[in-house]
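Enquirer: Provide a 3D model corresponding to the input given below.
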Amino acid sequence: MLVLRLLNVVAPAYFLCISLVTFVLQIFLFIPSMFRDPSTTPLFSPALLHGALFLFLSANALGNYVLVIQSSPEDLGKGLNLGKGAEVVADWLDGSRSPGSALPSTHFCRLCARVTQRHDHHCFFTGNCIGSRNMRNFIMFCLYTSLACLDSLVAGMAYISAALSMSFANPLAFLTLLPHSISQFFSGALLSSEMFVILMLYLWLGIGLACAGFCCHQMLLILRGQTRYQLRRSKCLLQGETRNRAWGHLNSNHVLLFELFHAAVAMSVLNAFELGAICSIKTTNLSLQHIFWLEES
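Expert: Below is the predicted model of the structure:
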């Protein structure tokens, strides 16, 4: 729990630092390098178009980030007298049991210590719960963040291509860029600023893919009419039913084997009794014949 609370503080600071570094690189490095192309017209230059696109994406990403925090889900457990029950709630493994979670479609978040309606998950980068009130802003935040990272990735690749006189026409050029850059940096053939931009390229790629994955995942859950907590809970119930069915089938097999074993034992005992009775009858007949033979003699 302490690790989760620490992550809840570090993740928003990490996101804000990445956003600040991206903004500085775009404004003071990438966009000025585009103005150096003499073949472009000043009015419709790629630098102005790229700068306007980046500002549009950044403003929407940061605006939705703020709206996700401001429109946080309402705490349904405020009017309830939780008392010591709130301390007991933290002891549950799934954190879903609380005096207010008896309401339909509610869930208790251990990090926020509140009961929310249609709780989906707790986002560490915003430090807030994602529910029915801020789900739209969260999806738009993921979408615009992934697009801003893609825009920064393209601008950074253009800057590195011009600075190092290399081409990214070959797809393997981007994959082999980092190991070659590390070797050149330690040999002194690569500047620190260029090495920093190359590291940021891979960071933008990872953040962009992660945000795009979050956006697509949330859209699929909305189309299904479920939250992530409900999906996880339905999977647990399905696994429990499958396990119970398997155990029931196994127990029925055990009962059948026990009945067969019991029948076999009973048959063997019965056969033993029959064999003993036959032997005793034969012994009795032999004894009578022996007596008759003695009397005749």
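
Enquirer: which residues of the protein fall in strands?
Expert: Along the chain, counting by DSSP state E, strands occupy 106-109, 114-117, 121-123, 128-130.

Enquirer: Relative to residue 4, which of those strands is closest?
Expert: strand 121-123 (8.5 Å; CB to CB). For every residue, glycine as well, the C-beta is placed using N, CA and C.

Enquirer: So residue 64 versus residue 36, what's the distance?
Expert: 34 Å (CB to CB, to the nearest Å).

Enquirer: Export the strands of the chain to CSV and append columns for distance to residue 178, mean neighbour count and mean pLDDT.
Expert: Formatted as CSV, the strands of the chain follow (distance: least, CB to CB, whole Å; neighbours: other CB atoms under 10 Å; pLDDT from 0 to 100):
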stretch, distance to residue 178, mean neighbour count, mean pLDDT
strand 106-109, 38, 24, 72
strand 114-117, 41, 23, 74
strand 121-123, 29, 19, 85
strand 128-130, 33, 23, 86
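
Enquirer: so which of these gets nearest residue 180?
Expert: Using CB to CB, the nearest of these to residue 180 is strand 121-123, at 36.4 Å.

Enquirer: can you count the residues close to residue 207?
Expert: Around residue 207 there are 21 other residues, counting by other CB atoms under 10 Å.

Enquirer: Find the residue closest to it in space, skipping its chain neighbours.
Expert: residue 149 (5.0 Å; CB to CB, 6 or more residues apart in numbering).

Enquirer: now swap in residue 227 and tell me
Expert: Excluding its sequence neighbours, the residue lying closest to residue 227 (CB to CB, 6+ apart) is residue 120, at 4.3 Å.

Enquirer: Distance check, that neighbour against residue 64.
Expert: Taken as CB to CB, the span from residue 120 to residue 64 is 16 Å.

Enquirer: What ranges in the stretch 151-297 of the chain fall below the confidence cut-off?
Expert: The model of the stretch 151-297 of the chain has pLDDT under 70 over residues 228-297.

Enquirer: Tell me, how many residues neighbour the closest residue to residue 116 other than its chain neighbours?
Expert: Nearest non-adjacent residue to residue 116, counting by CB to CB, 6+ apart: residue 73, 3.7 Å away. Applying other CB under 10 Å, we find 24 residues neighbouring residue 73.

Enquirer: so which of the strands of the chain gets nearest residue 8?
Expert: Proximity to residue 8 (CB to CB) singles out strand 121-123 among these, at 7.9 Å.

Enquirer: What strands line up against that closest one, and which way round?
Expert: Paired with strand 121-123 in the same sheet, following DSSP bridges, are strand 128-130 (antiparallel).

Enquirer: Name the residues that touch the strand it pairs with?
Expert: For strand 128-130, contacts defined as CB atoms under 8 Å, 6 or more residues apart in numbering pick out 68-69, 72-73, 109, 111-112, 114, 116, 119-123, 134, 138.

Enquirer: go again using 10 Å as the cut-off
Expert: 8, 12, 68-73, 75, 107, 109, 111-112, 114, 116, 118-123, 134, 137-139, 218, 227-228 (CB atoms under 10 Å, 6 or more residues apart in numbering).

Enquirer: buried subset of the residues you listed?
Expert: The neighbour-count test (16 or more other CB atoms under 10 Å) marks 8, 12, 68, 71-73, 75, 107, 109, 111-112, 114, 116, 118-123, 134, 137-139, 218, 227 as buried among the contacts of strand 128-130.

Enquirer: tell me which residues in stretch 173-184 are buried?
Expert: Taking 16+ other CB under 10 Å as the criterion, stretch 173-184 shows 177, 181, 184 as buried.

Enquirer: Helices of the stretch 101-250 of the chain, residue ranges please.
Expert: Assigned by DSSP state H, counting those that start in this stretch, the helices in the stretch 101-250 of the chain fall at 135-164, 171-175, 177-186, 192-224, 228-296.

Enquirer: so where's the stretch 1-150 of the chain shaky on pLDDT?
Expert: Residues of the stretch 1-150 of the chain that meet the criterion pLDDT under 70 lie in 37-44, 74-107.

Enquirer: Recalculate using a threshold of 90.
Expert: 1-9, 32-48, 71-124, 126-135 (pLDDT under 90).

Enquirer: What distance do you get for residue 184 to residue 209?
Expert: From residue 184 to residue 209 the distance is 26 Å (CB to CB).
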